[in-house]
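**Q** sequence? don't have it. structure:
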């Protein structure tokens, strides 16, 4: 990538992406020709849900968890996807075959409320059902960031409540996260650490946050953060491997005094955090517990999704 700043979404550029086919409402245009109407609810209002899913060795990673979250979000927004879960999975498989893709692929699956007869927020202005777009890309994570880590800073933008805009829904309405991302960029760090309405640490602008103190792992209780699939897997690993995992409220002062920290996301997995608000963690390098959890997470992928 041209940008030298570290990122949880740093990837290795791949020219094959220039010729990939995109799924758009039953058609398969080339990337350069893929279009959606200016009257689509997603374009006009950010009215929809989405998932980012990894494709590894001819298999979608944690597919059922992603599809369940997609449908839960659509149900919460009263969006009728118009396809069964099995049919959506078939669309994904078909697109991989059409593109002759087998591994190191990241897929963005997007469902919007569909076309509007006029630009207006009310769902009664919609016609013809939902819109579905699937964008597959060869997108191999740059593993350097999994070793070198990223820097965080606390931002002023806080997480909303479910009464305002439920942060647990993977909605196309990402303004809250975008504002935090812009703040982080202006602070010359890689991600923004966001607090909840009560002043406790919640999450980052595009990843879930964990800290480690005295070999105990802490993360927020989840009310104000996205129900991350990788976050859930890390919690499962901690429970299975007898790590002390605590889903509780904690403060930014607790974070500054942590031994280690890391963030999680579908694309890059587990990424070390080496500093927060210029407070260096684990000597400015990846911590031991973080590395152990990375290896355990990678082991799950290898055992459950490898051909061998």
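**A** Good, I have the coordinates. Quick caveat: nothing in here was measured; it's all calculated off a predicted structure.

**Q** Straight-line length of stretch 209-221, end to end?
**A** Distance between the two ends of stretch 209-221: 11 Å, counting by C-alpha to C-alpha, to the nearest Å.

**Q** State the mean pLDDT of it.
**A** Here stretch 209-221 scores 97 as its mean pLDDT.

**Q** hmm, who's touching that stretch?
**A** For stretch 209-221, contacts defined as C-beta atoms under 8 Å, 6 or more residues apart in numbering pick out 152, 193, 196, 200-203, 208, 225, 231, 234-235, 238, 243-250, 254-255, 257-264, 273, 287, 289-290, 293. In this view, the C-beta of every residue, glycine as well, is placed from N, C-alpha and C.

**Q** again, 6 Å this time
**A** 202-203, 238, 243-247, 250, 255, 258-263, 289 (C-beta atoms under 6 Å, 6 or more residues apart in numbering).

**Q** low pLDDT regions in this protein?
**A** Residues of the chain meeting the criterion pLDDT under 70: 1-5, 307-308.

**Q** so where do the helices sit in it?
**A** All helices of the chain, identified by DSSP state H, fall at 41-45, 63-76, 85-98, 144-148, 162-165, 175-186, 229-240, 252-256, 288-305.

**Q** For those helices, could you give me JSON lines that also reports mean neighbour count and distance to residue 111?
**A** Output for those, formatted as JSON lines (neighbours: other C-beta atoms under 10 Å; distance: least, C-beta to C-beta, whole Å):
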{"stretch": "helix 41-45", "mean neighbour count": "20", "distance to residue 111": "8"}
{"stretch": "helix 63-76", "mean neighbour count": "18", "distance to residue 111": "6"}
{"stretch": "helix 85-98", "mean neighbour count": "15", "distance to residue 111": "9"}
{"stretch": "helix 144-148", "mean neighbour count": "16", "distance to residue 111": "30"}
{"stretch": "helix 162-165", "mean neighbour count": "10", "distance to residue 111": "18"}
{"stretch": "helix 175-186", "mean neighbour count": "17", "distance to residue 111": "19"}
{"stretch": "helix 229-240", "mean neighbour count": "19", "distance to residue 111": "17"}
{"stretch": "helix 252-256", "mean neighbour count": "15", "distance to residue 111": "35"}
{"stretch": "helix 288-305", "mean neighbour count": "16", "distance to residue 111": "25"}
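
**Q** Out of these, the one nearest residue 55 is which?
**A** Closest approach to residue 55 among those (C-beta to C-beta): helix 85-98, 6.3 Å.

**Q** Now do the closest one against helix 63-76, angle only.
**A** 120 degrees (axes from the mean of the first three to the mean of the last three C-alpha atoms, to 10 degrees).

**Q** now helix 85-98, how far from the centre of its chain.
**A** The chain centre lies 21 Å from the centre of helix 85-98; the measure is C-alpha atoms, centre = their mean, to the nearest Å.

**Q** Stretch 89-106 now?
**A** Going by C-alpha atoms, centre = their mean, where stretch 89-106 is centred and where its chain is centred differ by 19 Å.

**Q** can you check stretch 224-237 too?
**A** On the basis of C-alpha atoms, centre = their mean, stretch 224-237 sits 10 Å off its chain's mean C-alpha point.

**Q** Please work out which residues outside that stretch touch it.
**A** Stretch 224-237 has contacts (C-beta under 6 Å, 6+ apart) with 62, 65, 159, 167-168, 196, 202-203, 208, 245, 264-266, 296.

**Q** Could you rank these by neighbour count and give me the top one?
**A** Neighbour counts for the contacts of stretch 224-237 (other C-beta atoms under 10 Å) peak at residue 203, which has 27 neighbours.

**Q** Can you tell me which of the helices of the chain is nearest to residue 14?
**A** Closest approach to residue 14 among the helices of the chain (C-beta to C-beta): helix 85-98, 15.5 Å.

**Q** Next one: the residue nearest to residue 146 when sequence neighbours are not counted from residue 24, what distance?
**A** The shortest distance from residue 146 to any non-neighbouring residue, by C-beta to C-beta, 6 or more residues apart in numbering, is to residue 271 (5.9 Å). According to C-beta to C-beta, to the nearest Å, residue 271 stands 32 Å off from residue 24.

**Q** higher neighbour count, the two?
**A** residue 271 (30 against 18).

**Q** Surely the more buried one is in contact with residue 261?
**A** No - under the criterion of C-beta atoms under 6 Å, residue 271 makes no contact with residue 261, lying 9.9 Å away.

**Q** which one of the contacts of stretch 224-237 is nearest residue 29?
**A** residue 266 (25.3 Å).

**Q** How much space separates the closest one from residue 148?
**A** In this view, residue 266 and residue 148 are 20 Å apart by C-beta to C-beta.
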